[in-house]
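Visitor: Mind folding the following:
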Amino acid sequence: MNAKSPPFHLAFPISDLQATREFYTKILGCQLGRESDRWIDFDFWGHQVTAHLVEQMPDVATNPVDGKQVPSSHFGCVLDWEAWHELAKRLKVAKLNFLIAPYIRFEGEPGEQATMFIEDPSGNGLEFKSFKRPEALFSTS
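Guide: Okay, here's the model as predicted:
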């Protein structure tokens, strides 16, 4: 991973501004950015994500991966190994419902990674993952 990569921007729909503000700040630990009565910016591990209030949330299809149903539309962050485990612990303590509970994929293989899926209060899928060997993020073998 290039330490000098520019931050990305992602906008996503939500159904409740207050619940979203509390989830992203108190549960995930994101800092607040600018906001209005229809949207909120968050510092999402150095990236700008913007939650936009919508009248109706879109349906999201799922895709089977490792025998689990993964929301085809989701976003998240690749964290370092210790930060991922700390977040998993914090989410468990908060008694958050996991779409896919924290687990290790490809254990002992070159692409070994930790992953977990959660939903925000509006039902948006979030995936947090970490690679045992960070340089394997884009490896094909």
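Visitor: in the worst-scoring helix or strand of the chain on mean pLDDT, what counts as buried?
Guide: In the chain, the helix or strand scored least confidently by mean pLDDT, DSSP states H and E is strand 68-71, which has a mean of 85. Of all the residues in strand 68-71, those buried under the rule 16 or more other Cβ atoms under 10 Å are 70, 71. Every C-beta, even on glycine, is put in place using the N, C-alpha and C of the backbone.
Visitor: Stretch 82-97 now?
Guide: Residues of stretch 82-97 classed as buried: 84, 87, 88, 91 (neighbour count, 16+ other Cβ under 10 Å).
Visitor: Convert the next helix-or-strand element following the least confident helix or strand of the chain to CSV, retaining C-alpha atoms only.
Guide: Using DSSP states H and E, the helix or strand that follows strand 68-71 in sequence is strand 74-78. Taking Å, rounded to 0.1, in the frame of the first residue of the first chain, the C-alpha atoms of strand 74-78 are listed here in CSV:
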residue,chain,number,x,y,z
HIS,A,74,-20.6,-2.2,0.6
PHE,A,75,-17.6,-0.2,1.7
GLY,A,76,-15.1,-0.2,4.4
CYS,A,77,-11.5,0.1,5.3
VAL,A,78,-8.3,-2.1,5.3
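Visitor: distance of the closest residue in space to residue 50 that isn't next to it in sequence from residue 51?
Guide: Leaving aside its sequence neighbours, residue 50 sits nearest to residue 11 (Cβ to Cβ, 6 or more residues apart in numbering; 4.5 Å). Residue 11 sits 8 Å away from residue 51, going by Cβ to Cβ, to the nearest Å.
Visitor: Likewise for residue 118?
Guide: Residue 118 is 15 Å from residue 51, where distance means Cβ to Cβ.
Visitor: cool, and residue 7?
Guide: 16 Å.
Visitor: low pLDDT regions in this structure?
Guide: Of all residues in the chain, those with pLDDT under 70 make up the ranges 1-3, 141.
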